[in-house]
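K.L.:
The sequence and its predicted three-dimensional model are supplied below.
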Amino acid sequence: MTWVTQLARPDIVALKAYEHASWEPELERLHANELPWRSLADGSSAGLNRYPEPQPRALVQRLAALYDVPASSVLVGRGSDEAIDLLVRGFCRAGQDSVIICPPTFGMYSVSARIQGANVVTVPLQADAGFALDTQAVLEKCTPDVKLVFLCSPNNPTGNLLSEDDIVNLTRRLEGRAVVVVDEAYLEFSGAQSLARRVAELPQLAVLRTLSKAYALAGARCGTLIADPEVIALLRKVIPPYAIAQLSMEAVLNVLDPSQLAVSKARLTTIVAERDRMLAAIAKLPNVTRVWPSASNFVLVEFADVPLALARSRGARLLIRDARGYPGLGRCLRITIGSPEQNDRLLEALR
C-alpha cells in the first residue's frame with residue numbers, strides 16, 4: 001500500500017475508470033458514434049465533429065515543458081477550479097474527511113469541499129505579519145480526518161507570497177498525513193520560482209498552475225495540476241474523459257508557441273510595472289487608509305468610505321472587486337491591474 005492509497009478515498013482507489021473510445025488518429029473513426037462530416041461553420045483544425053483526445057498528448061507535453069516538469073506529473077483540466085474539485089473528490093469522503101483552508105483566500109477551496117460533503121477547517125493567515133502562513137496552527141488542526149491543505153501563493157485576495165520554507169517544512173511534517181496543495185495562479189507576476197520543482201522530492205506536494213492570468217487565456221479554461229504521478233493516475237479516474245475542448249486545446253497550443261510567448265512576456269512586464277505604479281499612486285488617494293504590497297496582478301486596498309470608492313469606479317465604467325466579505329477585510333476592495341489607460345481612468349475617478 002502506498003501513501004496515495006492510504007490517503008485517497010478507498011472507493012476511488014478501487015474504481016475502474018470509464019473506458020473512452022480508443023485514440024488511433026491514423027485510422028478512420030467508426031467506433032465513437034460521431035457524425036462523419038464537419039459542421040459548415042466549423043473552423044477548427046481537427047474538426048469538432050470528433051471527440052478530442054483525452055488528456056491531449058501534445059498539450060500535456062507543451063505544458064510539462066512550460067512548467068519544467070515530467071509529463072507524467074501533469075493533469076490538464078478546465079482551469080484550476082477543476083483540479084481543486086478533482087482533488088477533493090479523490091481524497092475526501094463525504095461526511096468523514098476534511099480540508100484546511102487559510103482565509104482570507106480563494107473561495108473555491110471551501111466551495112468544492114462543501115459540494116463534496118467534506119468539512120472545512122480554517123486556519124487564518126496572520127494579518128499582523130503580512131498575511132503569513134501560521135504553520136504551527138495548521139499542524140495543530142491537521143487531525144487524521146484532514147486530507148488536503150489548500151494554500152494560495154501569491155494569495156488571493158491579499159496578493160502576498162507565502163514563504164517557500166514554511167510550505168516545504170509544512171509538507172515534510174505532514175508526510176503520510178495530508179496533501180499540501182499550493183495554488184500558484186498568480187506566480188508569474190511575482191518573479192518567484194515555482195514549487196513545482198520540489199514535487200519530485202516532496203511527493204505529497206501538489207501545485208496548481210493556470211493559463212488564465214499571465215497568458216490571457218481565461219476564456220479557454222486550461223489549468224494544470226502538477227503532482228506525483230500516482231496522484232495524477234488516481235485523478236485521471238475521476239476527470240471526465242473529454243475534459244479539454246478541441247478549440248481550447250488549439251488556442252492554448254497557439255499561445256504557447258515561442259513567438260507568442262514573447263508577447264506574453266512583454267505584457268507581463270507591463271503589468272508588473274503598472275502594478276508598482278498603481279501601488280504608489282493609490283496610497284496617495286484621500287479615501288485610502290491602507291494599501292498592501294502585492295506580488296500578483298491586483299492590489300488590495302482599504303478605504304475609509306467603500307461605497308464612495310465603488311460608486312466612483314462604476315462612474316468611470318470600471319468594475320473593481322468588493323472584498324468586504326472576506327474575514328478581516330471589512331473595508332477592502334481588490335483592484336485588478338488593467339491597461340495604462342484604464343489605470344489612469346480609475347485613479348482620476350478615485351481622486
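P.N.:
Arrived safely, thanks for sending.
K.L.:
neighbours of Ala214, just the number please.
P.N.:
19 (other CB atoms under 10 Å). Glycine gets a C-beta too; all of them are placed from N, C-alpha and C.
K.L.:
any idea how far Ile167 is from the closest residue in space to it that isn't next to it in sequence?
P.N.:
Distances taken as CB to CB, 6 or more residues apart in numbering put Glu188 closest to Ala214, at 3.6 Å, once the chain neighbours are dropped. Distance from Glu188 to Ile167, counting by CB to CB, to the nearest Å: 18 Å.
K.L.:
OK, contacts around Leu310?
P.N.:
Taking CB atoms under 8 Å, 6 or more residues apart in numbering, we find Leu310 in contact with Ile320, Asp322, Leu333.
K.L.:
Return the member of those residues nearest to Ser339.
P.N.:
Proximity of the contacts of Leu310 to Ser339 (CB to CB) peaks at Ile320, which lies at 14.7 Å.
K.L.:
isn't the closest one right next to Val306, touching?
P.N.:
No. Applying CB atoms under 8 Å as the test, Ile320 and Val306 come out as separate, 10.3 Å apart.
K.L.:
Overlap of the contact sets of those two?
P.N.:
Leu333.
K.L.:
Find me the pLDDT at the closest residue to Asp305 other than its chain neighbours, would you?
P.N.:
Distances taken as CB to CB, 6+ apart place Asn287 nearest to Asp305, at 5.6 Å, with adjacent residues excluded. In this model, Asn287 is scored at 96, pLDDT.
K.L.:
what residues are up against Asn287?
P.N.:
Asn287 touches Phe303, Ala304, Asp305, Leu308, Ala309, Leu350, counting by CB under 8 Å, 6+ apart.
K.L.:
now swap in Leu256 and tell me
P.N.:
When contacts are counted by CB under 8 Å, 6+ apart, Leu256 touches Arg62, Leu63, Leu66, Tyr215.
K.L.:
can you do 10 Å?
P.N.:
Leu59, Arg62, Leu63, Ala65, Leu66, Leu211, Tyr215, Leu217, Cys222, Ser264 (CB atoms under 10 Å, 6 or more residues apart in numbering).
K.L.:
Please apply the same query to Phe131.
P.N.:
Taking CB under 10 Å, 6+ apart, one finds 102-105, 124-125, 155, 157-162, 292-293, 300, 328 in contact with Phe131.
K.L.:
Okay, and which of the residues you listed map to strands?
P.N.:
Leu300 (DSSP state E).
K.L.:
now for the top helix by length along the chain, which elements pack on it?
P.N.:
Counting residues, the longest helix in the chain under DSSP state H turns out to be helix 258-283. When contacts are defined as 3 or more CB pairs under 10 Å, 6 or more residues apart in numbering; DSSP states H and E, helix 258-283 sits against helix 246-255, strand 288-291, strand 298-303, strand 332-336, helix 340-350.
K.L.:
For Ala8, which of the ones you listed is the nearest?
P.N.:
Shortest distance between Ala8 and the helices and strands packed on helix 258-283, using CB to CB, is found for helix 246-255: 28.1 Å.
K.L.:
and that closest one, what other elements does it pack with?
P.N.:
Against helix 246-255 (3+ CB pairs under 10 Å, 6+ apart) you get helix 57-67, strand 74-77, helix 258-283.
K.L.:
Let's have the ones you listed in CSV, adding mean neighbour count and distance to Ala41.
P.N.:
CSV is the format used below for those (neighbours: other CB atoms under 10 Å; distance: least, CB to CB, whole Å):
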stretch, mean neighbour count, distance to Ala41
helix 57-67, 17, 24
strand 74-77, 25, 26
helix 258-283, 14, 25
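K.L.:
Lovely, talk soon.
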